[in-house]
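Engineer: Below is the structure, and that's it, no one-letter string:
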């Protein structure tokens, strides 16, 4: 089943590669947005008057508008828009060029990998482990947990307009997601070691009981011979 796990990781990697141009242009986009804001002070006042949801929708639309000027990003966006139903079914979130979509995807993928690794301790059949892991991950996705965490992370990143703040928060969020995956792996390894230790103790106990039984049988046989 390692090949299937690798395939899941590869799909995730492909998704990340497709979104890399977004981050590659963050600096340019930031400069363009700052320039536009400098020339449109009235828009800043208008943004401040928006409600919280409207504010984030506006910021997101501005970023998307700048990013779609890149042909590669526009091509990826067009393709994923056509298969939007797949994103809705898998992630409970429609496709969008956004950090929120990236965070949702990473949470989804890391949760799937973690659940699969936990099930390896209990189940042998690879397909059974995969289907159960996928089922639980879909339930978590449609309960909107991933959406909530991702929305909160995006709000933290854009809490301040400073490019330094946004870059630092982005690194921290991505680092937190990696830690989430590694923590689950560490817990899994600890459980596996505990299970192996318990199995060894049980095996040792069975061997000792067998040896004792054999010794008693030998004693009984000797007494019968006498």
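Structural biologist: Nice, thanks for sending it over. The shown structure was predicted, so the numbers you read here are calculated from the model rather than taken from an experiment.
Engineer: Quick check: which ranges of the protein have low pLDDT?
Structural biologist: Along the chain, the model assigns pLDDT under 70 to residues 1-63, 211, 213-226.
Engineer: max-length helix in it?
Structural biologist: Using DSSP state H, we find that the single longest helix of the chain is helix 163-225.
Engineer: What is that helix packed up against?
Structural biologist: Counting contacts by 3 or more C-beta pairs under 8 Å, 6 or more residues apart in numbering; DSSP states H and E, helix 163-225 is packed against helix 99-119, helix 145-157. No exception for glycine: its C-beta is placed from N, CA and C like everyone else's.
Engineer: quick one, which of those helices is packed in tightest?
Structural biologist: Mean neighbour counts were taken over the helices and strands packed on helix 163-225 using mean count of other C-beta atoms under 10 Å, and the top value, a mean of 21, falls to helix 99-119.
Engineer: What residues of the helix or strand just after that one count as buried?
Structural biologist: The first helix or strand that comes after helix 99-119 along the chain, using DSSP states H and E, is helix 126-142. Within helix 126-142, the residues that count as buried by 16 or more other C-beta atoms under 10 Å are 126, 129, 130, 132, 133, 136, 137, 138, 140, 141, 142.
Engineer: which residues touch helix 126-142?
Structural biologist: Contact partners of helix 126-142, identified using C-beta atoms under 8 Å, 6 or more residues apart in numbering, comprise 1, 4, 89-93, 104, 108, 111-112, 115-116, 119-120, 123, 146.
Engineer: Compute the inter-axis angle for that helix and helix 99-119.
Structural biologist: 140 degrees (axes from the mean of the first three to the mean of the last three C-alpha atoms, to 10 degrees).
Engineer: by how many degrees do helix 126-142 and helix 145-157 diverge?
Structural biologist: Inter-element angle recorded for helix 126-142 and helix 145-157: 50 degrees (by the same axes, to 10 degrees).
Engineer: For whichever strand or helix holds residue 76, which residues meet the burial criterion?
Structural biologist: Element membership of residue 76, judged by DSSP H and E, is helix 71-82. Along helix 71-82, these residues count as buried under the neighbour rule (16+ other C-beta under 10 Å): 73, 76, 77, 80.
Engineer: ok, the last one - contacts?
Structural biologist: Contact criterion C-beta under 8 Å, 6+ apart gives 87, 95 as the residues in contact with residue 80.
Engineer: please redo it, this time with the cut-off set to 7 Å
Structural biologist: Taking C-beta atoms under 7 Å, 6 or more residues apart in numbering, we find residue 80 in contact with residue 95.
Engineer: just the third one next, same as before
Structural biologist: Listed by C-beta under 7 Å, 6+ apart, the contact partners of residue 77 are 68, 97.
Engineer: on that earlier part again, closest one to residue 178 among the helices and strands packed on helix 163-225?
Structural biologist: Nearest to residue 178 among the helices and strands packed on helix 163-225 is helix 99-119; the distance by C-beta to C-beta comes to 8.2 Å.
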